[in-house]
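*Asks:* Below is the sequence, then the predicted model.
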2 protein chains.
Amino acid sequence: MTKIAICGYGNLGRGVESAAMLSPDIEVTGVFTRRDPTGVRTATGLPVYSLSELDAHAGEIDVLVICAGSATDLPEMTPKLADRFNVIDSFDTHAHIPEHFASVDKAAKSGGKLALISAGWDPGLFSLNRLYASAILPEGETYTFWGKGVSQGHSDAIRRIDGVLDARQYTIPIDKALDAVRSGSQPELSTREKHQRECFVVAEEGADLARIEREIKTMPNYFDEYDTTVHFISAEEMARDHSGLPHGGFVIRSGRTGLSREHNETIEYSLKLDSNPEFTACVLVACARAVDRMVRRGRTGCVTVFDIAPADLSPLDGETIRKTLL
Amino acid sequence: MTKIAICGYGNLGRGVESAAMLSPDIEVTGVFTRRDPTGVRTATGLPVYSLSELDAHAGEIDVLVICAGSATDLPEMTPKLADRFNVIDSFDTHAHIPEHFASVDKAAKSGGKLALISAGWDPGLFSLNRLYASAILPEGETYTFWGKGVSQGHSDAIRRIDGVLDARQYTIPIDKALDAVRSGSQPELSTREKHQRECFVVAEEGADLARIEREIKTMPNYFDEYDTTVHFISAEEMARDHSGLPHGGFVIRSGRTGLSREHNETIEYSLKLDSNPEFTACVLVACARAVDRMVRRGRTGCVTVFDIAPADLSPLDGETIRKTLL
């Protein structure tokens, strides 16, 4: 039995709560929040504590799953907790992973604990597939596509525009680009050729819709390099048609083999998710099991999914997985 | 640098020879054959030795890649060699993996060596994906489809029919079944619903084609549970259109998440291979790298792909893979 605690009770924290119910060997012993715990009611009746009480509950926690934002929370929280708890986070700011790894590694080693950072699906499962595919096909190109799915960051960026009440942005991979990659031609693809962006916007009454649309489409980094479509809809339509958090994507490696590189080989991995946070949480729960096992074998410091032997993720023993899954 | 030797120089052995050329950190020091070595010329001019000389070359071999058949060769060869060499094989008779593991494990442990069995794509990469997907989505169903590709076993079975000169059998996954699986409905699929079989046959002049077709379609285990199509072609057409060994397939897990299991999540992994043996060989070469690293850390006994931390498969160091692939 692996006892986990959830630190942070947003979409991801709730996802961990429901994901843990699917794994009989995982027990959630509590939820820790920076909010007033008396104001937080969990979906399954888990006890809720203030984050300040965490140390008092250390004996009930094999692995602490930190469910907080990558922008400002995790860079501070994960290293701060990693010297006293075995921790997992889903830090997903790719460019800052090396420095996050370094600070978490230092903290975990100082306390003799184990930390797993950047678990989830990208980084996470997609990273694993980039690694496996490039190790197996050294001569080739790897392509990552995201979507169709809701990008929280892009939706938030639209919401900050004057006159916008609510917004949902879908990232959509372009079929023509996917087909070109699958053909084995190893194409060079521009940002615009790989993805398009579709936005659903609820505007204030009387707002200048043409201006809002223009501000979206020309927004640097977020939209200016993409073909973007903007739809203005009512708040009712937003609630009815866009309340979910679907996502997904593709990792495709196209490589060549043979003495004259005459053969194309294609490895493709894809996800189609009704709920991005629930699926991410499922990855975190499987990783919690692996972290607990690695801790019991004495592993310390910071690791990533690259360091987890796949067998450690499964609730089944080695003999069973060889018999049923190999 | 990892020094490997190839034991057995058929399609797979030749694949390892060309795959190793794609990895600058892998050196093939020799090919060992049960045939008369003077009659074997390798594609890249590797030295060829008799299998009986293997022990004399032990100092030049970090990992021995055994490229032989699963039916009769590997169950005998791998345990016989595993007490003196770190070995890899691609044993693919799923039902006999537990006993093969046990005999190889015993031999490897007795000699303080490391053995990796059942590497390739199925078993191998497909197994990894069945494991990852079922660990992450505990409530769901996993489906494996093979093809479109040449099945050597089924081609051989047709060749044994009286009046058949040559034959090639393609296993083809049925699109309707793939679509049903991807829909999230978790269908129960019969053998006939999942795959169809297409056969190209060169018959002796004057042979009774109707009888040959009937014998193929009613062959127990191989064809009787499938919808099978038989085409009679000339030897020239066989050489022109069916000389390759393409293969591939799909591992799809369809699972549910959420407090009321209200969300479908789909994980799909697929391979589209121009050359089955060359791709399998690429997996073996990456695994040889991992085995060598695990040996240097003192690991002994028998392992499978489930026991390899992904990082060990990559030629890149931990810092680089975190920076570029995570």
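*Replies:* Alright, I've got the coordinates. These numbers were taken from a predicted model, which means no experiment stands behind them. Numbers count the residues shown, from 1 in each chain, chains lettered A, B, ... in the order given.
*Asks:* Now look at the lengthiest helix in chain A and say if it contacts chain B.
*Replies:* In chain A, assigned by DSSP state H, the helix with the most residues is helix A:276-296. Yes. Residues of helix A:276-296 are located near chain B by C-beta under 8 Å from any C-beta of the partner chain, namely A:E278, A:F279, A:A281, A:C282, A:V283, A:A286, A:R289. Every C-beta, even on glycine, is put in place using the N, C-alpha and C of the backbone.
*Asks:* Then stretch A:251-260?
*Replies:* Yes. Stretch A:251-260 reaches chain B (C-beta under 8 Å from any C-beta) through A:T257, A:G258, A:L259.
*Asks:* just how off-centre is the longest helix of chain A within its chain?
*Replies:* 12 Å (C-alpha atoms, centre = their mean, to the nearest Å).
*Asks:* With only the CA atoms kept, save that helix in PDB.
*Replies:* Presented in PDB, the C-alpha positions along helix A:276-296 are these (Å, rounded to 0.1, in the frame of the first residue of the first chain):
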ATOM      1  CA  ASN A 276      -6.600  16.500 -19.500                       C
ATOM      2  CA  PRO A 277      -6.400  16.900 -15.700                       C
ATOM      3  CA  GLU A 278      -7.800  13.500 -14.800                       C
ATOM      4  CA  PHE A 279      -5.500  11.800 -17.200                       C
ATOM      5  CA  THR A 280      -2.500  13.700 -16.000                       C
ATOM      6  CA  ALA A 281      -3.500  12.700 -12.500                       C
ATOM      7  CA  CYS A 282      -3.600   9.100 -13.500                       C
ATOM      8  CA  VAL A 283       0.100   9.400 -14.600                       C
ATOM      9  CA  LEU A 284       0.900  11.000 -11.300                       C
ATOM     10  CA  VAL A 285      -0.700   8.200  -9.300                       C
ATOM     11  CA  ALA A 286       1.200   5.500 -11.300                       C
ATOM     12  CA  CYS A 287       4.400   7.500 -10.700                       C
ATOM     13  CA  ALA A 288       3.700   7.700  -6.900                       C
ATOM     14  CA  ARG A 289       3.700   3.900  -6.800                       C
ATOM     15  CA  ALA A 290       7.000   3.800  -8.600                       C
ATOM     16  CA  VAL A 291       8.500   6.500  -6.400                       C
ATOM     17  CA  ASP A 292       7.500   4.600  -3.300                       C
ATOM     18  CA  ARG A 293       9.200   1.400  -4.600                       C
ATOM     19  CA  MET A 294      12.300   3.300  -5.500                       C
ATOM     20  CA  VAL A 295      12.400   4.900  -2.100                       C
ATOM     21  CA  ARG A 296      12.200   1.400  -0.500                       C
END
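*Asks:* For B:G112, state which of the residues of helix A:276-296 next to chain B is nearest.
*Replies:* Proximity of the residues of helix A:276-296 next to chain B to B:G112 (C-beta to C-beta) peaks at A:R289, which lies at 30.7 Å.
*Asks:* per-residue confidence at that closest one?
*Replies:* According to the prediction, A:R289 has pLDDT 98.
*Asks:* Wait, it touches A:P315, no?
*Replies:* Yes. In this structure A:R289 lies within contact range of A:P315 using C-beta atoms under 8 Å: 6.7 Å.
*Asks:* Quick check: neighbours shared by the two?
*Replies:* A:S23, A:D25, B:A135 (C-beta atoms under 8 Å, 6 or more residues apart in numbering or on different chains).
*Asks:* Can I get these in JSON lines including pLDDT?
*Replies:* JSON lines is the format used below for the shared contacts of A:R289 and A:P315 (pLDDT from 0 to 100):
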{"residue": "A:S23", "pLDDT": "96"}
{"residue": "A:D25", "pLDDT": "98"}
{"residue": "B:A135", "pLDDT": "98"}
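*Asks:* Tell me which residue is most central in chain A.
*Replies:* In chain A, the centroid-proximal residue (C-alpha atoms, centre = their mean) is A:G120; its distance is 4.0 Å.
*Asks:* Let me know the helix or strand that A:R299 is in.
*Replies:* For A:R299, there is no host helix or strand (DSSP states H and E).
*Asks:* which ones are touching the residue nearest to it when sequence neighbours are not counted?
*Replies:* The shortest distance from A:R299 to any residue other than its chain neighbours is 5.3 Å, reached at A:L114 (C-beta to C-beta, 6 or more residues apart in numbering or on different chains). Applying C-beta under 8 Å, 6+ apart, we find A:L114 in contact with A:N86, A:A108, A:V291, A:M294, A:V295, A:R299, A:T300, A:G301, A:V303.
*Asks:* of all these, which comes closest to A:P75?
*Replies:* Lowest distance from A:P75 to the contacts of A:L114 (C-beta to C-beta) belongs to A:A108, with 14.8 Å.
*Asks:* so the closest one touches A:L81, yeah?
*Replies:* No. Between A:A108 and A:L81 there is no contact, the gap being 9.6 Å when judged by C-beta under 8 Å.
*Asks:* the more surrounded of the two?
*Replies:* A:A108 (28 against 25; other C-beta atoms under 10 Å in any protein chain shown).
*Asks:* For the stretch 51-200 of chain A, which segments count as strands?
*Replies:* Taking DSSP state E, counting those that start in this stretch, the strands of the stretch 51-200 of chain A run over residues A:63-66, A:87-88, A:114-116, A:140-146, A:149-150, A:164-173, A:195-203.
*Asks:* By mean pLDDT, point me to the weakest helix or strand of chain A.
*Replies:* Every helix and strand in chain A was compared by mean pLDDT, DSSP states H and E; the lowest is helix A:152-159, with a mean of 94.
*Asks:* more neighbours, A:R289 and A:P315?
*Replies:* Neighbours per residue, other C-beta under 10 Å: of A:R289 and A:P315, the larger number sits with A:R289, 22 against 16.
*Asks:* what's the pLDDT at the closest residue to the more buried one other than its chain neighbours?
*Replies:* Distances taken as C-beta to C-beta, 6+ apart put A:T2 closest to A:R289, at 5.4 Å, once the chain neighbours are dropped. The per-residue pLDDT reported for A:T2 equals 98.
*Asks:* Also A:M77?
*Replies:* Taking A:M77 on its own, its pLDDT is 97.
*Asks:* ok, now which ones touch A:S90?
*Replies:* So A:S90 contacts A:L12, A:C67, A:S70, A:L74, A:S118, A:A119, A:G120, A:G124, A:T280, A:L284 (C-beta under 8 Å, 6+ apart).
*Asks:* Could you do A:E265 as well?
*Replies:* Residues counted as contacts of A:E265 (C-beta under 8 Å, 6+ apart) are A:137, A:140, A:254-257, B:271-275, B:278-279, B:282.
*Asks:* and what of A:P315?
*Replies:* Per C-beta under 8 Å, 6+ apart, neighbours of A:P315: A:S23, A:P24, A:D25, A:R289, B:A135, B:P138.
*Asks:* Let's see the PyMOL selection covering just the buried ones among those.
*Replies:* Here is the PyMOL command that selects the buried residues among those (16 or more other C-beta atoms under 10 Å in any protein chain shown):
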select buried, (chain A and resi 23+289) or (chain B and resi 135+138)
